[in-house]
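# Give me a 3D structure for the following:
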Amino acid sequence: MAAATRVLQRAISPSLVVILGATGTGKSKLAIEIGKRLNGEIISADSMQVYKGLDIITNKVTEEEQAQCLHHMISFVDPLVSGYTVVDFRNKALSLIEDMHHRQKLPIIVGGTNYYIESLLWKVLINPGGSESEKGVASESKTELEKLGGPELHRWLKEVDPDMAAILHPHDARKIARSLQVFMDTGVPHSRLLEEQRGQDGGGCLGGPLRFQNPCIFWLHCKTNALDERLDKRVDQMLSLGLIDELKDFHQRFNEKMIKENSQDYQHGIFQSIGFKEFHEYLTASENISQEERDKLKIKGIESLKQVTRRYARKQNKWVRNRFLKRPASNVPPVYGLDVTDVTNWETTVLTPALEILDCLQKGEQPSAQPIRAEGLEPRNKRSHHMCDLCDKVIIGDLEWTAHQKSKNHLYQVRKRRKAKQASDQGPNATEHQNDSDRQVPVL
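Numbering: from 1, shown residues only. Below is the predicted model:
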């Protein structure tokens, strides 16, 4: 099967198209147009769109848009399932890509969940062993592990995989539980398996080798102020489409009972979706509050949604820069940038250049458009473990440690300790003398 896949990859050039970009940059629009023209099918790489429901808040493509080009991986997971993982996504998506290659279709990956896209481009995840039923049990076991809490799990991980424990924060229960689950499934420390993966031919410091040769990657980028304005308008459009009613309905059908049972959280499944937790106070407000108070909670939710959406867009763009542009390596494919700041001439400035690049790649020619130049090799942020005794905090990462040392809170603790040491060196009467000095009144 592997040999057949390699042959198909040579027959289809590029092997797949990946469209990156922050939310609100028009990734789906470009994907549909490419799919219609180049015999393609779209795989959604969005961790929230896999769940049924909340179509407006998760910004799913409409039925009319899906009719223009076949879409996969949208609205097929029960919203109450909390154990759907990136491994589940990767396995299903890779199977779809293989099938598309057999049918001479062009796979088009589009979505904003970066670790979903990363799992398809690179061999960066550890495969759980066992049958499907055993994997289901493992997923439930991981969820049960998380309930123990980060600190207790971290102590356990220190015993079985000290190298992994050193780079995971004690409060990151999900990642710690994942590492423990890998060890329980395989009997091998997670850190050792990851090191073996990086050592594969074509691998690097960030993970294993590329899965597919010659992928074509587009990055839709936009000036920050223009994107912020566009995102605010999109939230307003969501409201006009019935966002509030959608949230109320979903809350009543799935979330209300969980809150009463004290089993609801915003860390798993579709409840992680941006927008849902921002309206938590509004959705759970008492029936006895006044309409004025209710309106205030609604406005608060809207403003919070806009703020979080803008922050998420910055995070998405930061990942593209860090993963593709600031860490150039042999296993990092080139990225073609498409500026979507001004969309008044979208076909001329976005669609036409994208199609020209793909046409050249399919012919085996070098596109006239150049990939985005790498921004220069930055020192890798080693996930070293640091303990700040002054602030009583654990810091993971050298860059994070440097930033913490410059933070206001840390510098305040430094000054506080310095003053305490000076007072101690001057003896027990130092404070009293200082107070006497403070009480002296100058003679006029």
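
# Please count neighbours and contacts with C-alpha atoms only from this point.
Fine.

# Okay, now the unreliable bits of this protein?
1-12, 127-144, 146-147, 201-206, 257-267, 327-330, 375-383, 396, 427-444 (pLDDT under 70).

# Could you verify that D245 is part of a helix?
Yes - counting by DSSP: H, G, I helix; E, B strand; the rest coil, D245 is part of a helix.

# what does the helix or strand hosting I42 contact?
Using DSSP states H and E, I42 sits within strand 40-44. With contact meaning CA atoms under 8 Å, 6 or more residues apart in numbering, strand 40-44 is reached by 31-32, 34-35, 69-74, 93, 100, 105-111.

# Now restrict the residues you listed to buried residues only.
Buried members of these, counted by 16 or more other CA atoms under 10 Å: 31-32, 34-35, 69, 71-74, 93, 100, 105-111.

# coming back round to it: tell me which strands the strand holding I42 pairs with, and in which orientation.
Here strand 40-44 is paired, per DSSP bridges, with strand 71-72 (parallel), strand 106-110 (parallel).

# now for those, which one comes closest to N409?
Closest of the strands paired with strand 40-44 to N409 is strand 106-110, at 40.7 Å (criterion: CA to CA).

# Next, the buried residues of whichever helix or strand comes after the closest one.
Following strand 106-110 in sequence order, the next helix or strand is helix 114-121 (DSSP H and E). Residues of helix 114-121 classed as buried by neighbour count (16+ other CA under 10 Å): 114-121.

# Now flag whichever of those is closest to N331.
L121 (9.7 Å).

# hmm, back to that, turn the buried residues of helix 114-121 into TSV, columns for distance to V394.
Shown next, in TSV, are the buried residues of helix 114-121 (distance: CA to CA, whole Å):
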residue	distance to V394
N114	26
Y115	25
Y116	28
I117	30
E118	28
S119	28
L120	32
L121	32
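
# and which of those is nearest F183?
Scanning these for proximity to F183, where the rule is CA to CA, the winner is S119, at 20.0 Å.

# So which residues of the stretch 51-200 of the chain form helices?
Taking DSSP state H, counting those that start in this stretch, the helices of the stretch 51-200 of the chain run over residues 63-68, 86-102, 114-121, 132-146, 150-160, 162-165, 173-186, 190-198.

# With respect to C222, which of the ones you listed lies nearest?
Per CA to CA, nearest to C222 of the helices of the stretch 51-200 of the chain: helix 114-121, 17.7 Å.

# residue ranges of the strands in the chain, please?
17-21, 40-44, 71-72, 106-110, 216-221, 335-339, 385-388, 393-396 (DSSP state E).

# now for the ones you listed, which one comes closest to Q316?
strand 17-21 (6.9 Å).

# quick one: contacts of the closest one?
Residues contacting strand 17-21 (CA under 8 Å, 6+ apart): 27, 31, 106-112, 215-221, 316-317, 320.

# please redo it, this time with the cut-off set to 6 Å
108-110, 215-220 (CA atoms under 6 Å, 6 or more residues apart in numbering).

# Next, count neighbours for A67.
11 (other CA atoms under 10 Å).

# Now for the contacts of strand 17-21: which two are most distant?
The widest separation within these (CA to CA) is 16.1 Å, between P215 and L220.

# More neighbours: which of these two?
L220 (23 against 20).

# on that earlier part again, can you redo the strands paired with strand 40-44 as JSON lines with distance to G83?
Output for the strands paired with strand 40-44, formatted as JSON lines (distance: least, CA to CA, whole Å):
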{"stretch": "strand 71-72", "distance to G83": "20"}
{"stretch": "strand 106-110", "distance to G83": "23"}
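
# who wins for proximity to V414 among the ones you listed?
Nearest to V414, of these and by CA to CA, is strand 106-110 at 47.3 Å.

# Now the terminal residues of stretch 346-358, how far apart.
Stretch 346-358 has an end-to-end distance of 17 Å (criterion: CA to CA, to the nearest Å).
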